[in-house]
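> Make a model of this:
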Amino acid sequence: MKKPTIFGKAILSLGILFLSLGTISCKNEPKKEDPKEVAEDENEAKFDTTKEAEKDAEILVDAADFDLEQRELGKLAQSKGVSTAVKDLGKMMEKHHNESFMKLSALAKEKQISIPTAITEDGQKEYDRLNKVDVKNFDKDYLDRVYKEHHDAIGDFTQDAQATNSVEIKAYLESMITTLKNHHEEIEKLQATLVKK
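A predicted model of the protein is given here:
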């Protein structure tokens, strides 16, 4: 008569052990999803049937990613910049890229395209990297970064404007290319000034 009791206790102990292991494994925090990846996944589900719509969604997601990063880096330049000129450039970047993002958001809503609404993981890494730069090197590092990103974006936006058949997206991209070229020139002038010092 004692055997069933010992056997029952063993089963009960095993059950408690498995339950506690299950509880421990459930405590793993879910990884915060990157806003760009979330938008891309949503668009893939929406536009899986038409390649053209999928390409337009990709174009707007990338443009939003660029605007959000430039806006945040502009804020950083205002607080960490040494020269008044770099602080002023940061202010202009924040303003222009915020305005661009607002236009882009309205266009994306009209096209039923999901775009990131917060800085992405890569953008945050770059922000954190620049934020840790020694103050005396900040102006040069910031200008080098935004120079390269604007140079690349001009090329990307030009290609995207040729690739899309959407009149609205093409018009948005073409107006942005003009703005980006203006930014690029301003950055170049500042870089030349810093080198002379």
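> Leaving out chain neighbours, which residue sits closest to the spatially most central residue of the chain?
Closest to where the C-alpha atoms of the chain average out (Cα atoms, centre = their mean) is Thr120, at 3.0 Å. By the measure of Cβ to Cβ, 6 or more residues apart in numbering, the closest residue to Thr120 outside its immediate chain neighbours is Lys36, 4.2 Å from it. Quick note: C-beta positions are derived from backbone N, CA and C, even for glycine.
> What values do phi and psi take at Asp152?
Backbone torsions of Asp152, given as degrees, to the nearest 10, read phi -60, psi -40.
> Oh, that last question was meant for Lys111, not what I typed.
Torsion angles, degrees, to the nearest 10, at Lys111: phi -90, psi 0.
> Wait, it touches Leu60, no?
Yes. Lys111 is within contact range of Leu60, at 7.3 Å (criterion: Cβ atoms under 8 Å).
> Could you check which of the two is surrounded by more residues?
The neighbour count for Lys111 versus Leu60, taken as other Cβ atoms under 10 Å, is higher for Leu60 (26 against 16).
> just checking, that one touches Pro116?
No. Using Cβ under 8 Å, Leu60 is not in contact with Pro116; the gap is 9.9 Å.
> hmm, back to that, so what sits against both of Lys111 and Leu60?
Ile169 (Cβ atoms under 8 Å, 6 or more residues apart in numbering).
> which one is Lys91 nearest to, not counting chain neighbours?
Nearest non-adjacent residue to Lys91, counting by Cβ to Cβ, 6+ apart: Gln78, 5.6 Å away.
> okay, now the one you found: neighbour count?
17.
> got a list of what it touches?
87, 90-91, 94.
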